[in-house]
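Student: After the sequence you'll find the predicted model.
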Amino acid sequence: MDINFNKNEDHNKLLVSELRKRLAKVKLGGGQKRIEKHHSKGKMTARERIDYLLDTKSPSIEIAAFAGDGMYEEHGGAPSGGVVVKIGYIKGKQCIVVANDATVKAGAWFPITAKKNLRAQEISIENRLPIIYLVDSAGVYLPMQDEIFPDKEHFGRIFRNNAVMSSMGITQIAAVMGSCVAGGAYLPIMSDEALIVDKTGSIFLAGSYLVKAAIGESIDNESLGGATTHCEISGVTDYKAKDDKNALDTIKGIVAKIGDHDKAGFNREKPEQPQLNPEDIYGLLPKSRADQYDMLEIITRLVDNGDFTEYKKGYGKTILTGYARIDGWAVGIVANQRKLVKTKKGEMQFGGVIYSDSADKATRFIANCNQKKIPLVFLQDVTGFMVGSKSEHGGIIKDGAKMVNAVSNSVVPKFTVVIGNSYGAGNYAMCGKAYDPRLIVAWPSAELAVMSGNSAAKVLLQIETASLKKKGETITPEVEKELYNKIKARYDNQISPYYAASRIWTDAVIDPLDTRKWISMGIEAANHAPVEKPFNLGVIQV
């Protein structure tokens with residue numbers, strides 16, 4: 001191994017170490033003291049509940065662990081958005097579990113909490129996955145109610161989705177394991193079956209204090225909406241549990257009896273490990289996002305036995321397309337080639353840039369995968385489409401539009417891994433969040449933005465200095481440098497994979513070595529939902 005490999009390896013392993021530290025902090029939720037207070041009430045934490053519910057030693061993936069990261073600091077923060085979401089297995093059946101974290105503001109809903117819950121429901125709907133809600137929430141976080149209550153993608157959308165999911169035959173089970181108040185009370189009751197934990201669970205539209213204020217009635221919360229009330233008087237809930245574990249055991253028993261699902265029929269053979277060591281990825285991926293490297297080296301360490309059947313190998317070389325298997329599942333891979341390549345005409349093309357021939361090739365390949373019912377995997381490290389007169393005269397906009405069209409209309413499930421750069425329209429063409437990937441994850445090396453930090457800082461610096469000069473201020477080289485560094489630091493924070501993950505532009509920041517697990521579990525989930533419409537590109541300019 002050369003010195004660059006070792007430097008890259010050290011750098012990327014440090015990034016993964018930082019990822020693990022951030023995850024460890026997030027998993028503490030509201031902090032150790034609040035966890036201990038939670039335990040003193042005889043309650044398990046959200047993560048403990050999920051871990052108990054999911055099959056022991058089975059794989060699982062966490063959706064949006066970094067939701068809310070660095071947001072709402074003036075309100076004390078909202079680690080993981082105050083809700084934990086995992087895809088895993090209950091009695092061998094793949095399910096998605098949503099658990100309110102009552103150690104974070106008593107499980108109150110921030111704007112990002114609603115967005116994360118809606119994302120969980122979206123995954124359930126797209127993949128027809130059973131969904132389990134573990135409810136322990138004080139309801140809407142009132143200081144921010146204007147950002148969570150009335151709009152289309154706000155709090156109320158969750159209950160609308162409950163109804164739609166029920167009509168689709170998607171199993172929904174809710175366990176009330178703490179507070180469940182006001183509008184939030186509709187979620188468990190709009191589920192197929194509802195459980196409530198005795199003495200700790202409660203459901204009501206208005207608590208005892210509000211009832212007293214509104215109608216003058218004096219009543220305690222347990223009598224108003226506790227387990228005995230709802231299991232023996234109102235009939236609102238279906239099962240009364242003596243404690244958290246009893247409720248979770250009941251859920252396990254219900255899930256174990258769910259019938260098998262229809263299959264989409266995606267092809268799978270016996271899984272094989274990559275032929276080359278996946279840990280080499282740490283040394284192959286450059287420390288600098290501007291440096292070139294061979295994406296094929298990454299692919300061969302992600303796919304079964306290193307087998308990659310490349311489609312149109314000699315054409316449109318800045319995008320790699322081909323067939324492979326990941327954990328046994330057949331996939332079509334669309335990846336940005338990051339090394340400088342030479343065309344048959346002797347012209348050099350920059351790695352990471354999408355040219356007309358690359359876009360044309362990708363469009364055809366995406367269409368082929370749709371015809372063959374093969375899930376698509378996009379490996380992003382893209383700076384955008386090629387610019388300049390030669391590209392414009394050659395129809396780069398038209399060819400780029402064809403690729404975007406193919407991605408948009410694709411009916412097979414799509415999965416996106418942001419390895420490095422994800423800039424501008426390249427993000428769109430390579431199946432960014434706006435193009436409905438079933439799952440989208442980023443490596444710690446990822447950067448998501450309109451353009452690179454250097455380019456953006458230079459553009460913004462020109463605007464800033466022009467504005468200052470108009471005001472008659474003198475811009476010395478020292479002042480200009482200070483301005484540039486200030487602008488770049490702000491922009492660099494915004495292109496961080498954690499900034500994207502906190503806003504759920506991606507589902508997770510992951511260790512590159514976990515990529516195969518995410519794609520495999522994602523395709524298994526997608527296999528629950530048969531493809532219901534034919535692939536149709538619509539009107540395109542050929």
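Tutor: Structure received. Numbers count the residues shown, from 1 in each chain.
Student: Which parts of the stretch 201-350 of the chain are helices?
Tutor: Listed in chain order, the helices of the stretch 201-350 of the chain (DSSP state H, counting those that start in this stretch) span 208-215, 221-225, 227-228, 244-256, 281-284, 295-299.
Student: Throw the ones you listed into JSON lines and include mean pLDDT, distance to residue 460 and mean neighbour count, thanks.
Tutor: Any C-beta I mention is one placed from the backbone N, CA and C, and that applies to glycine too. Below are the helices of the stretch 201-350 of the chain laid out as JSON lines (pLDDT from 0 to 100; distance: least, C-beta to C-beta, whole Å; neighbours: other C-beta atoms under 10 Å):
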{"stretch": "helix 208-215", "mean pLDDT": "85", "distance to residue 460": "49", "mean neighbour count": "12"}
{"stretch": "helix 221-225", "mean pLDDT": "87", "distance to residue 460": "54", "mean neighbour count": "18"}
{"stretch": "helix 227-228", "mean pLDDT": "92", "distance to residue 460": "58", "mean neighbour count": "18"}
{"stretch": "helix 244-256", "mean pLDDT": "98", "distance to residue 460": "51", "mean neighbour count": "18"}
{"stretch": "helix 281-284", "mean pLDDT": "98", "distance to residue 460": "33", "mean neighbour count": "22"}
{"stretch": "helix 295-299", "mean pLDDT": "98", "distance to residue 460": "30", "mean neighbour count": "21"}
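Student: want to try CSV for the ones you listed, with distance to residue 2 as columns?
Tutor: Compiled in CSV, those are given as follows (distance: least, C-beta to C-beta, whole Å):
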stretch, distance to residue 2
helix 208-215, 69
helix 221-225, 67
helix 227-228, 65
helix 244-256, 52
helix 281-284, 9
helix 295-299, 13
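Student: which non-adjacent residue is nearest residue 366?
Tutor: Computed as C-beta to C-beta, 6 or more residues apart in numbering, the closest residue to residue 366 that is not its neighbour in sequence is residue 406, at 4.2 Å.
Student: Any idea how many residues pack against that neighbour?
Tutor: 24 (other C-beta atoms under 10 Å).
Student: ok, now residue 466?
Tutor: When neighbours are counted by other C-beta under 10 Å, residue 466 comes out with 10.
Student: who touches it in this structure?
Tutor: By C-beta atoms under 8 Å, 6 or more residues apart in numbering, residue 466 lies in contact with nothing.
Student: again, but for residue 411
Tutor: Applying C-beta under 8 Å, 6+ apart to residue 411 gives the contacts 370, 531, 533, 534, 535.
Student: swap in residue 333?
Tutor: Taking C-beta under 8 Å, 6+ apart, we find residue 333 in contact with 299, 303, 308, 320, 321, 322, 323, 324, 376, 377, 378, 379.
Student: hang on, the earlier thing: minimum distance to residue 153: which of the helices of the stretch 201-350 of the chain has it?
Tutor: helix 208-215 (27.4 Å; C-beta to C-beta).
Student: Outside of the closest one itself, which residues are in contact with it?
Tutor: By C-beta under 8 Å, 6+ apart, helix 208-215 touches 206, 217, 218, 219, 220, 221, 224.
Student: ok, so of the residues you listed, who is nearest residue 402?
Tutor: Of those, the one sitting nearest to residue 402 (C-beta to C-beta) turns out to be residue 206, at 55.8 Å.
Student: do you know how far the closest residue to the closest one other than its chain neighbours is from residue 221?
Tutor: Nearest residue to residue 206, sequence neighbours excluded (C-beta to C-beta, 6+ apart): residue 214, at 6.6 Å. Remark: distance between residue 214 and residue 221 (C-beta to C-beta, to the nearest Å) = 15 Å.
Student: cool, and residue 413?
Tutor: According to C-beta to C-beta, residue 413 and residue 221 sit 45 Å apart.
Student: With residue 45 instead?
Tutor: Residue 45 is 22 Å from residue 221, by C-beta to C-beta.
Student: returning to what we had before: tell me which of the helices of the stretch 201-350 of the chain sits nearest to residue 524.
Tutor: Using C-beta to C-beta, the helices of the stretch 201-350 of the chain put helix 244-256 closest to residue 524, at 16.1 Å.
Student: Secondary structure of residue 419: a strand, I assume?
Tutor: Yes - under DSSP: H, G, I helix; E, B strand; the rest coil, residue 419 sits within a strand.
Student: Spell out which residues sit in contact with it, please.
Tutor: Counting by C-beta under 8 Å, 6+ apart, residue 419 has contacts 285, 298, 379, 380, 381, 443, 445, 446, 512.
Student: Grab the nearest non-local neighbour of it.
Tutor: Residue 419's closest residue in space is residue 381 (C-beta to C-beta, 6+ apart), at 4.8 Å.
Student: quick one: contacts of the helix or strand encompassing that neighbour?
Tutor: Taking DSSP states H and E as the criterion, residue 381 maps to strand 376-382. The contact list for strand 376-382 (C-beta under 8 Å, 6+ apart) reads 295, 298-299, 326, 331-336, 338, 352-354, 366, 369, 410, 412-423, 426-427, 429-432, 437, 446, 519.
Student: same thing but 7 Å
Tutor: 295, 331-336, 338, 352, 354, 366, 369, 410, 412, 414-423, 426, 430-431, 519 (C-beta atoms under 7 Å, 6 or more residues apart in numbering).
Student: As a quick check, tell me the outermost residue of the chain.
Tutor: Using C-alpha atoms, centre = their mean, the residue of the chain lying farthest from its centre is residue 472. It sits 47.4 Å away.
Student: Identify each buried residue in stretch 533-541, please.
Tutor: 535, 537 (16 or more other C-beta atoms under 10 Å).
Student: Give the rounded mean pLDDT of that stretch.
Tutor: If you average the pLDDT over stretch 533-541, you get 79.
Student: picking that back up, of all the helices of the stretch 201-350 of the chain, which one is nearest residue 89?
Tutor: By C-beta to C-beta (comparing all of these), the closest turns out to be helix 244-256, at 9.6 Å.
Student: can I get the CA coordinates of the closest one in PDB?
Tutor: Extracted C-alpha coordinates of helix 244-256, given in PDB (Å, rounded to 0.1, in the frame of the first residue of the first chain):
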ATOM      1  CA  ASP A 244     -43.600  -2.300  29.300                       C
ATOM      2  CA  LYS A 245     -42.300  -5.800  28.700                       C
ATOM      3  CA  ASN A 246     -45.700  -7.300  28.900                       C
ATOM      4  CA  ALA A 247     -47.000  -4.900  26.300                       C
ATOM      5  CA  LEU A 248     -44.000  -5.600  24.000                       C
ATOM      6  CA  ASP A 249     -44.400  -9.400  24.500                       C
ATOM      7  CA  THR A 250     -48.100  -9.000  23.400                       C
ATOM      8  CA  ILE A 251     -47.000  -7.100  20.300                       C
ATOM      9  CA  LYS A 252     -44.500  -9.900  19.500                       C
ATOM     10  CA  GLY A 253     -47.400 -12.400  19.700                       C
ATOM     11  CA  ILE A 254     -49.600 -10.400  17.400                       C
ATOM     12  CA  VAL A 255     -46.900  -9.900  14.800                       C
ATOM     13  CA  ALA A 256     -45.900 -13.600  14.800                       C
END
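Student: Check which helices and strands it is in contact with.
Tutor: In terms of contacts (3 or more C-beta pairs under 7 Å, 6 or more residues apart in numbering; DSSP states H and E), helix 244-256 is packed against helix 46-53, strand 172-181, strand 193-197, strand 239-241.
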